[in-house]
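Asker: take a look and give me a structure for this.
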Amino acid sequence: MTPLNIKIATPAEAEDCLTVLTLAFCNDPAIRWMFPQPTQYAQGLPLFAQAFGGAAFQQGTAFYTEGFGAVALWLPPTAQPDEAALMTLIQQGVEASQQPALTSILEQLGGHHPQEPHWHLAIIGTDPICQGQGCGSALLTYTLAICDQRQELVYLEATNPRNVALYKKHGFEVLGTVQAGNSPTLYPMLRQPQ
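Answerer: Take a look at the predicted model:
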């Protein structure tokens, strides 16, 4: 256990975790590009997080700091996002004018996604009132230690350029940039075992 007391989220705690992630991403450039309207965002972000990283709740790889200051949904090599749920969300929850660009972004990201077994940091976020207190870094450090012990690759997509430096500090390297239409830039990143 770290000093912040990291816990494994059970499926019963999924709603609490999704609430934290909804708070955390309210100013995220890429997510708000997808869901620009407040109601659209409030409804769409929890569905997106569940579809993209919800398998972590069943895998025992959803983590949070005690008190729900920060949450991370990790997909181990045996788990994948729910692509059917993601496609339904895109079709029903994203403006029709944005859908071609979003489809292009997903295809571009797929080209950076490692083919060999790896951990995927699907989504990580800190409650805004807890930002700057090391909660997100603690969650990264905790799981990266597991990945290093197993000598496994780790992949993520940074949706906010402000976070790239934090991920680099934890050993990630930018693989390239992804952008389509009027979208913000995303940064696929990979970390070798250390």
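Asker: make it CA atoms for all contacts and neighbour counts henceforth
Answerer: OK.
Asker: centroid residue for the chain?
Answerer: When the chain is reduced to its mean C-alpha position, the nearest residue by C-alpha atoms, centre = their mean turns out to be residue 123, at 1.5 Å.
Asker: what are the C-alpha coordinates of the host helix or strand of that residue, in CSV please?
Answerer: Under the criterion of DSSP states H and E, residue 123 resides in strand 118-126. Taking C-alpha atoms only, strand 118-126 is exported to CSV below (Å, rounded to 0.1, in the frame of the first residue of the first chain):
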residue,chain,number,x,y,z
HIS,A,118,0.4,-5.0,-22.8
TRP,A,119,-1.5,-3.1,-20.1
HIS,A,120,-3.7,-0.3,-21.3
LEU,A,121,-4.4,2.7,-19.1
ALA,A,122,-7.9,3.3,-20.4
ILE,A,123,-8.7,6.3,-18.2
ILE,A,124,-7.3,8.0,-15.2
GLY,A,125,-8.6,11.1,-13.5
THR,A,126,-8.4,13.1,-10.3
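Asker: in the next helix or strand after that strand, what counts as buried?
Answerer: Downstream of strand 118-126, the next assigned helix or strand under DSSP H and E is helix 135-150. Judged by neighbour count (16 or more other C-alpha atoms under 10 Å), helix 135-150 contains these buried residues: 135-140, 143-144, 147.
Asker: pick the one among those closest to residue 183.
Answerer: Of all the buried residues of helix 135-150, residue 136 has the smallest distance to residue 183: 25.3 Å, by C-alpha to C-alpha.
Asker: the closest one against residue 124, yeah?
Answerer: Yes - using C-alpha atoms under 8 Å, residue 136 makes contact with residue 124 at a distance of 7.3 Å.
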